[in-house]
Structure formats: C-alpha cells, structure tokens
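Student: Following is a predicted model, sequence given first.
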Amino acid sequence: MIASFWNPTSRAKQAEATSRRIGCENWVRQHIAAARERSLELKDASREDLIALTDQLRWAARSQPIETLFTPAAAVVIESIRQTFGIELFDVQLHAGLVIASDAVAEMQTGEGKTLSGVLPAFLKSLTGRGVHVITPNCYLAQRDQEKLNPVFSRLGVTTGILTEQADSSANRKAYQADVTYGPAHAFGFDYLRDQIAIGDGSFAVYDRIRNRLPMSEKIQRPLHAAIIDEIDNVLIDDAVSPLILSSRSDQPATDAELHRIACVVAKRLECDRHYVVDASQRIVQLTESGFQTVYKDRDLAVHPHLVRPWHEYVTLAIRVKSFFRRDVDYVVCDRKIKIVDASTGRIFDDRTWSGGLHQAAEAAERLPITTETRSLARITRQRYFRYYPSIAGMTGTARGCEREFASVYGLPVQPIPLRIATRRVMLPDCVTRTMKEKWQAIAKETQQLHQLGRPVLIGTSAISESNAVANALENLDLKFELLNGVQDADEASVIGRAGQTGAITVATNLAGRGTDIALDSVSRELGGLHVIVSQRSELARVDRQLIGRGARCGDPGSARIYISAEDDLIRLHAPWIARSLLRSDPNAPHCMPKIKRQLQKAQTNQQRRDAMLRLRLLQQDNQTATLLRRQRNRSGSC
Ligand SMILES: Nc1ncnc2c1ncn2[C@@H]1O[C@H](COP(=O)(O)OP(=O)(O)OP(=O)(O)O)[C@@H](O)[C@H]1O
C-alpha cells in the first residue's frame, strides 16, 4: 500500500483510468438526462420529503458505491437549489458535479458557476456519514460559500460547519462533526498537525497507525474521508511549495538580536557580484571568496556566544532581505511587526513567520524589535496531507498546464467542461510603457475615460505598493475609488459587492483576483460590463487569467487589458532583454506586441517549470524523510 502511496506511475495510471470513464460523452449525457427527468418528479416536494429522500440515499450508500447514486442525488440537489434560490442548475454544472464526484478536477471557465457545481459531489460524498471537507484557498471564500450554501444543504437534512482560523480546537472539533465542513486549506492541515501533537508525535508518521492510537474524543478531526477543493490549482499546486509548519512562539527577546542588527549593517556594505552572487529567480544568495573574507574580518563575531548559526549565515540572510524582500510587496509593517503577504492571494497573514532566521533579518532591516525564532512543533508538506484523503477532487478555471502534476502527484485527471455560452469578453491589446510612472498615468487615464461612460473598472495589481501607486494616479485625476489591499479595514465582501455598480472604480491586489464574484447592476451591464485592468503580468499566467475572469462572467459583457512596463518584475527578473529593447525604442513608435507577448509568455512558462521543479524536490525530500522514519520505527518496533 505504501509503495502505491508514493508511486507517481500508479497515481498517473489511476488518473488515466478515471479520465477514460469521465471523458465519455454518452455517459455524461445519460446521467444528466436521467437526473433532470427525476428532478421533475420532485418539483415542489416538501422539505420533509427531501429529507426522507436523503435518508433513503444514506441507507443505500451503506451497501452500494456512491457513484451509482448519482441520478437520485442529483435530482434532490437540483430541487433543493431550485427551492432555495429559484434557479435551475445548468447542464455544465451537473457535468462538473459528475466529474468532481468521480474524483477528478473539473476545469470550468471563470464565472461559469463552480460554487453551485460543488454542492452535488459534497452531498453525494456526505451520504456515507464520514464527513466531507470543502476546502477553499482562504477564509473569505470558505465563509461566503458556507453561508450561501447552508440553506441548500439544510433543506436536504445535511449539516454544515465552518472552521475558525484561531487555534480553537473545540469550535473546530464541532465543525468537523458536521456532514460538510468548510474551511481554508491551511486550517485543515494545521488541525491535522494539532492532532499529531496531541498524541505526542510532532513528526509526521504512518497515518493509520497514529489515527488508531488516539481515542476519537481527543482528536479534532475525524478520520479523513473526502476533500472537495475549490480553486484546486491554487491549493494543490501554487501553495504546495511551502509546507505547513506549526510552531511555538516565545515572548522572550531574541538572544541573537544584536547579531542580526550587525549583519544588516555588514550586508549594506557588501557589493553584488564582488562579495556575493544572487539567483534572483530562486531568491538564493551565495558569498564569494572575497565576501567570506570581508564577513569574517571581525573574528570576534565568528565565535560570538549568542550565535545560533554560523556568522556568515546571518549576513547571507540580511543580503537576501536586502535583495529580494520588499516592504508592501512581500511584507507589511503593522504595529511594529512584520506581517507576511501571500504573493498569490494578496492576503496578509497575522500569525505567520518566515523560518530559519529570515523573519528576524527582515525585522533588523526594518529596525523593529527582533522576535525569537519560532520553534517548529510539527510539519507536513501539503502534498502529503492532501494525499491522506482517500477521496480527493476539485474545480478551477485554470488547470491547464498543471495536468501532469495533478496526475502524478495526486492521481487526479483534469476534465475540461465546455462553456455554457460563448464568452462576450473583449480582450483589448496590451499597452506597453517604458516606466512604471508612465504606466500608472496610462491606467488612470483609461479608467477616467471608462468611468465617464459609466462602466465599472477593476484594476488588479500584484502588490500593495502598486495598488498605492495606482491610487495616487487616480487621486491626481480626482477620481473616487475603493481600495482593497488588505491594509485598509475595508470590508472585503461589501467592496466586492459594489465593484460591479455603474461607474465604480476598484483598485485591488490579488485579494480580488480569484474566486470573487463581481455582480453587475442592470445599467453597467447595458454599458458593456466590467472592465478589468491587469497592471502587470504575474509570474504565473494562471494568476492573470483568474484576474481577467472577474469580468464577462456567466454570459455578461466585459473587457480586459494588460499593461506592461520595462520595469515590471517579470521583465526585470526573468526577461531583462525585453526591458533593454523597450528602453532603447522610440517611446512614440508602436512596439512589436506579438513578439513581446510571446517572450513574456515564455518567461511565465519557464517560471512555472522552475516552481514545478521546486515542488518535485520538496516531494522527494519528503519521501526520503518518510522512508527514514519508517525504518527507524520498524527498527525500534522489532527491538
Ligand atoms: N444555475 C445558475 N443560474 C443562474 N445563475 C447562476 C447559476 N449558477 C451560478 N450562477 C451565478 O453565476 C455567478 C458566477 O458563479 P460562481 O461565482 O460560482 O462562478 P465561478 O465559476 O466559481 O467563478 P470563479 O472561477 O471566478 O470562482 C454567480 O453570481 C452565481 O450566482
């Protein structure tokens, strides 16, 4: 069993077998037609009738595989959604539901209605009574979906719960008792780790053995059964580069605080390429021979009694902070503390810290009180945690390009769901500028023109500092706007609620880039819908596609434009030759867009490959550690 758990070939074969089954058009058509027919018989069924039908299905799930219950389950779900919202599930949503229920990834374009597509598989998998986890990339989406869908489930006699972000095990334990539990991915993973700590094993261990050793009453989670993951590429791929680490905090001042401060001063004096070399794409720093000599000039520091790592590593950390970590991009300073910003979602984490002294190096660079390094109590890679679920599936609008990783790591095939109606999105040509300043002005000007027409505009930026720069440019034109970047106290739901109204201007970081549903009012729809401005291409093309997908949803009109400047991060770090050619060119001459576009897309693909390699390395290390632990345990067991 363990061999197949780690074997990518067997996972890929499993994915291939599922893919053959769900890819059969006739099979899909027959199931949808049968479900529709059954649902007509249930029209206007009472709540009691629906609950009685659910009970019958639960009874049936005891003796037969849940795949065989698709038709009757779909019929009751269709009816419950009809009675709750007064809408009919689309065929593409039933199709996606069928794919997810078959343990696969449904790739459904942004705005096609994935939230409702997840109800049917969650309902089906809850029938066994072993609990379903509906996993989202963040708390906002978990709460939004649980609140929206709870009436649909409760009409069917199915209970739902929501995980809290706080380490409140009693509240979360209660949420796990529900049939369907909503929560962000990290909350599920951390509860798993808390269970590990409760049984006295901070290192990960063979899952079943651990589960069986601890009495049910003490555990927060029930045994893992089924996971349905929304924005599955974000949760299983993008976030998988960083393992989940549960750490302890100490209020004691850091004993090596002074060393971090000195390292920061030393790092400022060192020169790139002379004293150290950097790999910008991997954020790695290496001291050169001359760098080592300079760093160890003061011999007392090399033998300082408070060193917790070799002295040159303090300096390397300080150089990494100086070279790659930027305030209001990678972190913010709030209440004299460093708070990490998640690059892909734009969220600010209150309780996360960088490990290995990096957080302290950043505190030194910002002249903040230096905290003690956290001590890791338990850790698990996301890949490992999610592979513990016997059944895993999900949905996203952007699975393209990740098919191989989904198949070999998680055994998941990707099934594209056809568009319900052709998109009405108008993709305007990219706009190229030489400097950032020119870009902010151009964005503000375009926003002003559309605002005068009454069109709502969403400006998506990739960092807090950028959102502030756009905000300044808009203020210079006396334009009123809403800023959503996690720093302000703005209520996310209400800002998003207003973003589609006539004449609204919203500036946001990636907070609004994924999963958010911007509803248009009737006038803004008439005027052409939401216009999305992408302020710069991200390192991942999927992030851009998600942002563009905030407009022209569900058959609505809309448009989008991407802005590029020679000073953009993607160009600066991964394709500097584009910057050189742009800066040399005549600012008034038209740039050769197709060529620049192709080169930027290539830079994005290369970055995606590098990230995939990083994840693969993490997985290999994880495998080696697991094998080592297993051997140790076997040896101590046989002694
Ligand atoms: N069957 C339906 N009938 C009418 N409206 C629907 C239906 N399904 C979904 N919608 C509406 O379509 C909009 C988009 O739905 P939703 O947010 O679930 O899309 P999505 O696919 O999850 O988008 P994204 O990929 O951006 O997360 C919502 O306003 C939702 O209420």
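Tutor: Received, thanks.
Student: what about the strands in the stretch 451-600 of the chain?
Tutor: In the stretch 451-600 of the chain, the segments counted as strands under DSSP state E, counting those that start in this stretch are 457-460, 482-484, 505-508, 530-534, 557-565.
Student: so of the ones you listed, which one's packed in deepest?
Tutor: Neighbour counts (mean count of other Cβ atoms under 10 Å) averaged over each of the strands of the stretch 451-600 of the chain peak at strand 457-460, with a mean of 29. (Glycine included, C-beta is placed from N, CA and C.)
Student: Would you give the sheet partners of that one, along with the direction of each?
Tutor: Here strand 457-460 has these sheet partners by DSSP bridges: strand 505-508 (parallel), strand 530-534 (parallel).
Student: want to throw those into JSON lines with mean pLDDT and distance to residue 274?
Tutor: As requested, those are exported to JSON lines (pLDDT from 0 to 100; distance: least, Cβ to Cβ, whole Å):
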{"stretch": "strand 505-508", "mean pLDDT": "96", "distance to residue 274": "41"}
{"stretch": "strand 530-534", "mean pLDDT": "97", "distance to residue 274": "38"}
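Student: among these, which is nearest residue 113?
Tutor: Minimum separation from residue 113 across the strands paired with strand 457-460 (Cβ to Cβ) falls at strand 530-534, 17.1 Å.
Student: quick one, the closest one and strand 557-565 angle?
Tutor: Relative orientation of strand 530-534 versus strand 557-565 (axes from the mean of the first three to the mean of the last three Cα atoms, to 10 degrees): 20 degrees.
Student: starting at the chain centroid, how far to strand 530-534?
Tutor: Distance of strand 530-534 from the chain centroid (Cα atoms, centre = their mean, to the nearest Å) equals 21 Å.
Student: Could you do stretch 31-40 as well?
Tutor: Centre to centre, stretch against its chain (Cα atoms, centre = their mean), the figure for stretch 31-40 is 34 Å.
Student: name the element the residue nearest in space to the middle of the chain belongs to?
Tutor: By Cα atoms, centre = their mean, the mean C-alpha position of the chain lies nearest to residue 234, the distance being 3.6 Å. Using DSSP states H and E, residue 234 falls within helix 232-236.
Student: try residue 161
Tutor: Short version, using DSSP H and E: residue 161 is in strand 160-162.
Student: So residue 360 versus the ligand, what's the distance?
Tutor: 38 Å (Cβ to the nearest ligand atom, to the nearest Å).
Student: Am I right that residue 158 is in a strand?
Tutor: No - counting by DSSP: H, G, I helix; E, B strand; the rest coil, residue 158 is not found in a strand; it is coil.
Student: Pull the number of nearby residues for it.
Tutor: Residues lying near residue 158 (other Cβ atoms under 10 Å) number 23.
Student: Could you verify my assumption that it touches residue 57?
Tutor: No - Residue 158 lies out of contact with residue 57 (Cβ atoms under 8 Å); the separation is 10.5 Å.
Student: what packs against the strand holding residue 161?
Tutor: helix 139-155, helix 169-177, strand 180-184 (3 or more Cβ pairs under 8 Å, 6 or more residues apart in numbering; DSSP states H and E).
Student: What's the local residue count around residue 290?
Tutor: Neighbour count for residue 290, taken as other Cβ under 10 Å: 13.
Student: For it, pull up the helix or strand it's in.
Tutor: Short version: residue 290 belongs to helix 289-295, going by DSSP H and E.
Student: List the buried residues of that helix.
Tutor: Neighbour counts over helix 289-295 (16 or more other Cβ atoms under 10 Å) mark 291, 294, 295 as buried.
Student: Quick one: list the elements packing against the lengthiest helix in the chain.
Tutor: Assignment by DSSP state H gives helix 593-638 as the longest helix of the chain. Helix 593-638 sits against helix 2-6, helix 382-387, helix 403-410, helix 541-548, helix 576-584, with contacts defined as 3+ Cβ pairs under 8 Å, 6+ apart.
Student: rerun at 7 Å
Tutor: Packed against helix 593-638 by the contact rule (3 or more Cβ pairs under 7 Å, 6 or more residues apart in numbering; DSSP states H and E) you find helix 382-387.
Student: Which of the three states applies to residue 60?
Tutor: Here residue 60 is helix, with the state taken from three-state DSSP.
Student: what's near enough to touch it?
Tutor: Contacts for residue 60 were tallied using Cβ atoms under 7 Å, 6 or more residues apart in numbering; they are residue 69.
Student: How about residue 508?
Tutor: Counting by Cβ under 7 Å, 6+ apart, residue 508 has contacts 458, 460, 467, 484, 485.
Student: switch to 10 Å and redo it
Tutor: Counting by Cβ atoms under 10 Å, 6 or more residues apart in numbering, residue 508 makes contact with 346, 458-461, 467, 470, 482-486, 490, 492, 495-496, 499, 516, 547, 550.
Student: From residue 546, how far off is it?
Tutor: 12 Å (Cβ to Cβ, to the nearest Å).
Student: what touches both of those two?
Tutor: 460, 516.
Student: The helix holding residue 234 packs against which elements?
Tutor: strand 105-107, strand 132-136, helix 185-198, strand 226-230, helix 382-387, strand 391-396, helix 403-410, helix 541-548 (3 or more Cβ pairs under 10 Å, 6 or more residues apart in numbering; DSSP states H and E).
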